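Engineer: please find the sequence and the predicted model below.
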Amino acid sequence: MDHVRWLAQLDEASLTNPIVVVAFTGWNDAGDAASTALRTLIETSGASALAEIDPEPFTDFATVRPHVRLDEERNRTIVWPTVGVWSASLPGSDVVLVLGPEPALRWRSFCEQITGIADRVGAPMAFTLGALLADVPHTRPTQIIGTATDSSLIERFDLERSRYEGPTGIVGVLHDAFARSGLPTASLWAAVPGYAAQLPSPRAAIALIERLCSMMGTPPPVSTLATQVADYDAKVGALISDDDDLVTYVERLEEMVDEMSNDDVPGVDDTDPEGLADEVEQFLRDHGDG
């Protein structure tokens, strides 16, 4: 952990078997859903800064640029794009939350920093959050696909066994690093409408938080995000209203989702994990060079 700067002593954090949750901005974060979900957990839990990862060895600053800030006395400060680490005690579970820009360089070394943090805090498991663009309508519940390779997690949380082969991002590399360190992990992905890619999606962020919190056994803090859904729906509606082809496309997506729905069958979820898993695989192949 040569590049981790601890901001607090672990004994001060008073963590007991904390679950590590990780999300990155950038390629893995369609509609800002994953980063918004984790940022919401940080803000609503009263999380304390625990550590940060030095961005210098891992970041292409020509792509993810630092920002200049002026204080009240007009003094200039450079704010670097840093991956931060926070700790919090939620009802039912302690957590360590990791959020920041996806690194561009030295992925294996970067993942060693995070696995080292997980080992030092004594984490029993880790979750990652992501979001992808998919052929789904914004007017239906957000589909979440949860995958894992650990059999106990698959059975415990009703996840899909990961069967993807092809190009991967930092989330895939991090899961491999966790597995090599002996830490069970699961990955949650939200499907964001491809036609609304430029709009942050509170719907997808809410779905990720609700699924994650159900797995951790803690209430989902989604009240603030819930107030943003109507505005999001209005913006997406305005986006598609002037394009007849797009309106028809969305209507067809709605029909497809409704046809797959099994709301009348007790105990059956209305999502299609296999279909969404295929969407994830296609997304990763299409964006392999990203």
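Structural biologist: That came through, no problem. Numbers count the residues shown, from 1 in each chain.
Engineer: name the residue most distant from the centre of the protein?
Structural biologist: Relative to the average C-alpha location in the chain, and by CA atoms, centre = their mean, no residue lies farther out than Glu73, which sits at 36.9 Å.
Engineer: in what helix or strand does it lie?
Structural biologist: Element membership for Glu73 (DSSP states H and E) is empty, with no helix or strand holding it.
Engineer: same deal with Ala34?
Structural biologist: helix 33-45.
Engineer: alpha carbons of that helix, as PDB, please.
Structural biologist: Backbone C-alpha positions of helix 33-45 (Å, rounded to 0.1, in the frame of the first residue of the first chain) are rendered in PDB as follows:
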ATOM      1  CA  ALA A  33     -25.600   5.900 -11.400                       C
ATOM      2  CA  ALA A  34     -22.800   4.000  -9.600                       C
ATOM      3  CA  SER A  35     -21.000   7.100  -8.400                       C
ATOM      4  CA  THR A  36     -24.200   8.700  -7.400                       C
ATOM      5  CA  ALA A  37     -25.300   5.700  -5.400                       C
ATOM      6  CA  LEU A  38     -22.000   5.500  -3.500                       C
ATOM      7  CA  ARG A  39     -21.800   9.200  -3.000                       C
ATOM      8  CA  THR A  40     -25.300   9.100  -1.500                       C
ATOM      9  CA  LEU A  41     -24.200   6.500   1.000                       C
ATOM     10  CA  ILE A  42     -21.200   8.600   2.000                       C
ATOM     11  CA  GLU A  43     -23.300  11.700   2.400                       C
ATOM     12  CA  THR A  44     -26.300  10.100   4.300                       C
ATOM     13  CA  SER A  45     -24.200   7.900   6.600                       C
END
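Engineer: so for that helix, what gets flagged as buried?
Structural biologist: Of the residues in helix 33-45, those buried by neighbour count under the rule 16 or more other CB atoms under 10 Å are 33-42, 44-45. For every residue, glycine as well, the C-beta is placed using N, CA and C.
Engineer: ok, and what's touching that helix?
Structural biologist: Around helix 33-45, the neighbours that count as contacts under CB atoms under 8 Å, 6 or more residues apart in numbering are 21-25, 28-29, 47, 86, 88-90, 95, 97-99, 129-131, 190, 192, 200-202, 204-209, 212, 221-222, 224-225.
Engineer: restricted to helices, list those.
Structural biologist: 202, 204-209, 212, 224-225 (DSSP state H).
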